[in-house]
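Enquirer: what's the 3D shape of this:
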Amino acid sequence: MDLEEQVMGIIINAGQSRSLCYEALNSAKTGDFADADEKMEQAQHYAREAHRVQTQLIEADEGEGKTKMTLVMVHAQDHLMTSILAKELVGELIELYRTRH
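Expert: Purely as a prediction, here's the structure:
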């Protein structure tokens with residue numbers, strides 16, 4: 001897989017993870033916690049895939065700056081970090097909704 005494909009893999013998987021988190025939150029708002037839990041599991045799958053690709057890039061670079069840093073790579077990292085944050089925060093919000101129902 002070339003660098004562009006790897007970077008796009010991070011963006012696509014992180015974006016899918018984040019979208020599923022917000023779908024899970026919407027399900028929790030309506031009291032459908034089974035669906036919320038399923039969506040969060042799906043989100044975790046996509047998050048792991050994005051993180052796997054990121055790890056491959058880090059390993060290939062070996063901390064030596066071998067990998068050319070591009071704006072799209074920075075964009076991919078932003079997507080990954082915001083999806084991780086969304087997953088953590090949405091998970092907490094779902095638990096709050098769960099305790100109120």
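Enquirer: and Gly91, how many neighbours?
Expert: For Gly91, the neighbour count with other Cβ atoms under 10 Å is 17. Using the backbone N, CA and C atoms, a C-beta is placed for each residue, glycine as well.
Enquirer: what about it, which SS state?
Expert: helix (DSSP: H, G, I helix; E, B strand; the rest coil).
Enquirer: distance check, it against Ala76.
Expert: Distance, Gly91 to Ala76, by Cβ to Cβ, to the nearest Å: 23 Å.
Enquirer: and the strands in this structure?
Expert: In the chain, no strands are found when defined by DSSP state E.
Enquirer: show me where it has its helices.
Expert: 3-29, 33-61, 71-100 (DSSP state H).
Enquirer: and the closest residue to Asp35 other than its chain neighbours, what does it touch?
Expert: Using Cβ to Cβ, 6 or more residues apart in numbering and skipping the chain neighbours, the partner closest in space to Asp35 is Ser27 (4.1 Å). Neighbouring residues of Ser27 by Cβ atoms under 8 Å, 6 or more residues apart in numbering: Phe33, Asp35, Ala36, Lys39.
Enquirer: most surrounded residue in these?
Expert: Neighbour counts for the contacts of Ser27 peak at Ala36, which has 25 neighbours (criterion: other Cβ under 10 Å).
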